[in-house]
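J.: generate a structure from the sequence data that follows.
(one chain, ligands or ions: 1)
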Amino acid sequence: MSDLPASPVAPPIRIEGLAKRYGTDTVFTDVSLRIDPGVFVAILGESGVGKSTLLNCMAGLDHWDAGTVHLCGHDLGAAGDEQRAILRRRHVGFVFQAFHVLPHLDVAQNVGLPLLLLQAPAVERTDRVRQALAAVGLEGLDQRLPQQLSGGQLQRVAIARALVHRPALLLADEPTGNLDPGTAARVMDLLIAQTRQHGASLVLVTHSDTAARRADRVLRLTARGLEAAD
Ligand SMILES: Nc1ncnc2c1ncn2[C@@H]1O[C@H](COP(=O)(O)OP(=O)(O)OP(=O)(O)O)[C@@H](O)[C@H]1O
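T.: Take a look at the predicted model:
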């Protein structure tokens, strides 16, 4: 698979003094955060305060106006777009509220996509996809298309896809926002269990205090930065 490995001593994410503006509108200033391997951090905050923007900065999907972001020891601010993409593919998994499962690919192809992008050998891909689907309780559904799945099943596909390449960091943006309460609870259990099993760090953006209480650290994003939540 591709290069740019995680430094064995670097935290999956380290942010210092991050500030983000859109034009003259300041989204946030002075955000600092360090997340050690295997730690689960929940981020709460008012709508529009910049939680999704912060996740995008962690993955190098967005640009910022001041401060630094290190992903697995790599300085994203100093990396070009191509290098950011390689780092993201190698070290980050995503789970979104709207699933973002590709409609024309079947379940196995969706889950295997990160491995394909990392040019993993076909035999390894098949094996890892099978394991990942079994781990989220979707064995036997590998040839279904997304339109043939429920919302809970779609999010299980997304969780399997997010972890199949064993990233150091999993970024989850309101992952249960589109699910009914019972399904949401089961998907959250699965997300946390799977992340812990893989030893990945989890950053969960949520409006749910119940979900946030399961985290090792609960932070609140405001215009002034990140602070410990009450
Ligand atoms: N491409 C963009 N151009 C201009 N402003 C933007 C852009 N993307 C986001 N914003 C603004 O940046 C702010 C932060 O947006 P963001 O989606 O990160 O907030 P959030 O805390 O995740 O909100 P929510 O909880 O409602 O999802 C908002 O005021 C939003 O309108």
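
J.: does D142 touch T126 like I think?
T.: No - between D142 and T126 there is no contact under CB atoms under 8 Å: 9.9 Å. Quick note: C-beta positions are derived from backbone N, CA and C, even for glycine.

J.: okay, those two: which has more neighbours?
T.: D142 (18 against 15; other CB atoms under 10 Å).

J.: assign the more buried one to helix, strand or coil.
T.: coil (DSSP: H, G, I helix; E, B strand; the rest coil).

J.: let me know the pLDDT of the residue nearest to it when sequence neighbours are not counted.
T.: Nearest non-adjacent residue to D142, counting by CB to CB, 6 or more residues apart in numbering: A108, 3.8 Å away. According to the prediction, A108 has pLDDT 97.

J.: assess the claim that A108 and A134 are in contact.
T.: No - under the criterion of CB under 8 Å, A108 is not in contact with A134, lying 11.9 Å apart.

J.: and the two? Which one has more around it.
T.: Shown here are A108 and A134; by other CB under 10 Å, A108 has more neighbours (21 against 12).

J.: which secondary structure elements does the host helix or strand of that one contact?
T.: Secondary structure assignment for A108, by DSSP states H and E: helix 107-117. Counting by 3 or more CB pairs under 8 Å, 6 or more residues apart in numbering; DSSP states H and E, the packing neighbours recorded for helix 107-117 are helix 122-135, helix 151-163.

J.: try it again at 10 Å.
T.: helix 81-91, strand 92-96, helix 122-135, helix 151-163 (3 or more CB pairs under 10 Å, 6 or more residues apart in numbering; DSSP states H and E).

J.: among those, which comes closest to the ligand?
T.: strand 92-96 (11.0 Å; CB to the nearest ligand atom).
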